[in-house]
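Q: return a 3D structure for these sequence lines:
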Amino acid sequence: MKKLLVIACTFLLSASTIAQVRTGGDPKLSEIYDPAPAIVAPGKTNAEPPSDAIVLFDGKSFSNWVGTNGKPVEWTLGDGAMTVKRGTGLITTKESFGDCQLHIEWRTPAEVKGDGQGRGNSGIFLMGRYELQVLDSYNNKTYSNGQAGSIYKQLVPLVNASRGPGEWQVYDVIFTAPRFSENGILQSQARITVFHNGVLVQNNASIWGGTEYIGIANYKSHGPKEPISLQDHGDPVSYRNIWIRPL
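A: This next block holds a predicted model:
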């Protein structure tokens, strides 16, 4: 072990010496000034959109959304939130997105009805295909890859960070879209990082494929940018303060 440590230290010192020789011993030669990162003004809080974000829902209208089959949205709008209206179908963003940072807040009903998947169920479908599960998972037993923070029927969240029924919850998501070759062959899987109420629940995890209720997920070629959908699973789940930063 001591011999290995000595070899490692010798290698690091040699690498440092080589770097100094290559830069003439001048530290400024390894400093980068151009290009400089673009300036983005952050929100006053982590929940507020930064200056370069696209606000998808500000609590006032459905202007950035369409209902099923392109129809007007029939969900309920009020008190700065939109709420699933049972049987009206999912809603979808008018704009399409690929790699992105997404902030979305959601709330399951304060009055608890049902259990398992029948309790405060909805979902966020990135690119209309890859579902980040929304569920009342507070003292509610269900399959682990179907609880809040899971990639539905695929990836189990690292922990259960759920707040109680009727409380607002937050997802902050970093999503990397899958890549396909020109002939539709998968080149790289989609990846996702999710913070649930500030707690890491998915850590740059590879998504298996499009969400399937029955069977194994798989990839089907699609465009580099696709709309985001929110699911009508029959429960009056509410959403507010949705913004996104294309990456």
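
Q: CA only for contacts and neighbour counts going forward, please
A: Noted.

Q: quickly list the domain ranges of the chain.
A: Using automatic domain parsing, the domain parsing of the chain gives 1-36, 37-246.

Q: who does Cys100 form a beta bridge with?
A: Phe175, Pro246 (DSSP bridges).

Q: still on that earlier bit, highest mean neighbour count out of the domains of the chain?
A: Comparing the domains of the chain by mean neighbour count (mean count of other Cα atoms under 10 Å), domain 37-246 comes out on top with a mean of 18.

Q: now it: average pLDDT?
A: Averaged over domain 37-246, pLDDT sits at 97.

Q: distance from the chain centre to that domain, please.
A: The chain centre lies 6 Å from the centre of domain 37-246; the measure is Cα atoms, centre = their mean, to the nearest Å.

Q: any idea how far Lys60 is from the residue nearest to Gly59 when sequence neighbours are not counted?
A: The spatially closest residue to Gly59, leaving aside those adjacent along the chain, is Gly80, at 3.9 Å (Cα to Cα, 6 or more residues apart in numbering). Applying Cα to Cα, to the nearest Å, the value for Gly80 to Lys60 is 6 Å.

Q: what's the answer for Gln117, then?
A: 30 Å.

Q: give me every residue that touches Pro236.
A: Pro236 is in contact with 83-86, 108-109, 120, counting by Cα atoms under 8 Å, 6 or more residues apart in numbering.

Q: can you tell me how far it is from Ala110?
A: 10 Å.

Q: same check, this time on Asn218
A: Separation of Asn218 from Ala110 (Cα to Cα): 36 Å.

Q: also Asn139?
A: For Asn139 relative to Ala110 (Cα to Cα), the value is 14 Å.

Q: ok, Pro72 next?
A: Taken as Cα to Cα, the span from Pro72 to Ala110 is 28 Å.

Q: please give the element, helix or strand, for the residue nearest the centre of the chain.
A: Nearest residue to the geometric centre of the chain (Cα atoms, centre = their mean): Val173, 2.9 Å. If you go by DSSP states H and E, Val173 is part of strand 169-176.

Q: tell me which residues are up against whichever helix or strand comes after that strand.
A: Downstream of strand 169-176, the next assigned helix or strand under DSSP H and E is strand 179-180. Identification of contacts with strand 179-180 by Cα under 8 Å, 6+ apart yields 186-190, 221-222, 224.

Q: just curious, which of those is nearest to Arg129?
A: His222 (9.9 Å; Cα to Cα).

Q: and the closest one, what does it touch?
A: For His222, the contacting residues are 180, 184, by Cα under 8 Å, 6+ apart.

Q: switch to numbering from 491
A: Got it, first residue is 491 now, which makes that one His712.

Q: I'd like the distance between it and Ser612.
A: Distance of His712 to Ser612, computed by Cα to Cα: 24 Å.

Q: cool, Gly656 as well?
A: Noted for Gly656: a distance of 14 Å to Ser612, by Cα to Cα.

Q: Asn673 too?
A: Shown here: Asn673 relative to Ser612, a distance of 34 Å by Cα to Cα.
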